[in-house]
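Participant: Could you work out the structure for the sequence below:
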Amino acid sequence: MSVFGEYARFYDLLYESKDYLGECAFLERIFESHALRPVRSVLDLGCGTGGHIVHLARRGFELAGLDRSEQMLAKARRKVQEAGLAVDLHLGDLRDVNLGRTFDAVIAMFAVMSYQVSNADLAGAFRSARRHLAPGGLFVHDAWFGPAVLTNPPTDRYRIIEKDGDRVVRFAHPEIDVVRHLVTVHYKLLRLRGGAVVEEIDEAHPMRTLFVQEAAYFAEQNGFELVRACPFLEPERVLTTDDWNACFVARAL
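Facilitator: This next block holds a predicted model:
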């Protein structure tokens, strides 16, 4: 099945403890530290169910979002509507989108860039970000950090969540391809009710890891300069092999 097919229905349940508010505060720190002018408008590429969009809009930013999953966008639209916010949401592929306008910043959060598994995918994503930025605008994205993944490789894991009388069990089995810089995570979701399995979903999510020089190269080849690479949520610290999640800040030339 394609990435975020039926899995999308369980996305908010699986990540209900994710600190979107804290991540948006981190983004504001990045904007303040690296933007050449105040950031007022933000395009969220791969916005998913709108977790970052809602909090950023509430903090006074003008937001637009894009995602290729209609199921994820439907959840985002509902959140935006319930919050009484004005946000433009678009269905599309971040590798070739053109909204016909520019923003002060473009973001791609929660490993959206790691889902761009080929060089062509990554280049397309960078070009799309640059297309929507005036010179000096920021492109902020996070990704799985290659040195950390190789040093501390992922292992099999599971998670159990209970809600509304159902039990959702997610198993994750990773397969590493060191040559292609890929970790393919095979997910199996089971929804149980009264001890019986009432739904079973299998999806494979290929995830590309990124290295700093690799991120710098793709930035430079597509109209940016890489101005910062740091552990996600820790802008003052230097990346190490203990940091699975890296944040990259590129400035449009």
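Participant: Can you give me the neighbour number for residue 231?
Facilitator: Each residue near residue 231 was counted by other Cβ atoms under 10 Å, and the total is 20. C-betas here are computed from N, CA, C, even on glycine.
Participant: gap between it and residue 210?
Facilitator: 13 Å (Cβ to Cβ, to the nearest Å).
Participant: Now for those two: what residues contact both?
Facilitator: Common contacts of residue 231 and residue 210, defined by Cβ atoms under 8 Å, 6 or more residues apart in numbering, comprise residue 246.
Participant: show me where pLDDT drops low in the protein?
Facilitator: Applying pLDDT under 70 to the chain picks out residues 1-3.
Participant: Quick one: the strands in it, in order.
Facilitator: Assigned by DSSP state E, the chain shows strands spanning 41-45, 62-67, 88-91, 103-108, 133-145, 157-163, 166-177, 182-193, 196-210, 224-231, 245-252.
Participant: With adjacent residues omitted, what lies nearest to residue 122?
Facilitator: residue 116 (4.6 Å; Cβ to Cβ, 6 or more residues apart in numbering).
Participant: so who does that neighbour touch?
Facilitator: By Cβ under 8 Å, 6+ apart, the neighbours of residue 116 are 95, 122, 124-125, 208.
Participant: and the residue of the chain positioned farthest from its centre, what is it in contact with?
Facilitator: Of all residues in the chain, residue 194 has its C-alpha farthest from the mean position, at 34.7 Å, by Cα atoms, centre = their mean. Applying Cβ under 8 Å, 6+ apart to residue 194 gives no contacts.
Participant: Of all the strands of the chain, which one comes closest to residue 6?
Facilitator: Residue 6 lies closest to strand 196-210 among those, at 4.7 Å (Cβ to Cβ).
Participant: in the closest one, what's buried?
Facilitator: Under the neighbour-count criterion of 16 or more other Cβ atoms under 10 Å, strand 196-210 has 201, 203, 205-210 buried.
Participant: Could you do stretch 167-176 as well?
Facilitator: 168, 170, 172, 174.
Participant: ok, now how distant is the third one from residue 245?
Facilitator: The one in question is residue 172. From residue 172 to residue 245 the distance is 16 Å (Cβ to Cβ).
Participant: Okay, domains of the chain per the record?
Facilitator: Split into domains by automatic domain parsing, the chain comes to 6-146+209-252, 149-207.
Participant: Point out the most buried one among those domains.
Facilitator: Sort the domains of the chain by mean neighbour count, taking mean count of other Cβ atoms under 10 Å, and domain 6-146+209-252 sits at the top with a mean of 18.
Participant: who touches residue 56 in this structure?
Facilitator: Residue 56 is in contact with 24, 27, 42, 44, 63, counting by Cβ under 8 Å, 6+ apart.
Participant: One more: residue 135?
Facilitator: 252-253.
Participant: how close does it sit to residue 37?
Facilitator: In terms of Cβ to Cβ, residue 135 sits 10 Å off from residue 37.
Participant: Kindly report the same for residue 79.
Facilitator: Applying Cβ to Cβ to residue 79 and residue 37 gives a distance of 29 Å.
Participant: Could you do residue 200 as well?
Facilitator: 51 Å.
Participant: quick one, what contacts residue 8?
Facilitator: Contacts for residue 8 were tallied using Cβ under 8 Å, 6+ apart; they are 49, 69, 71-72, 75.
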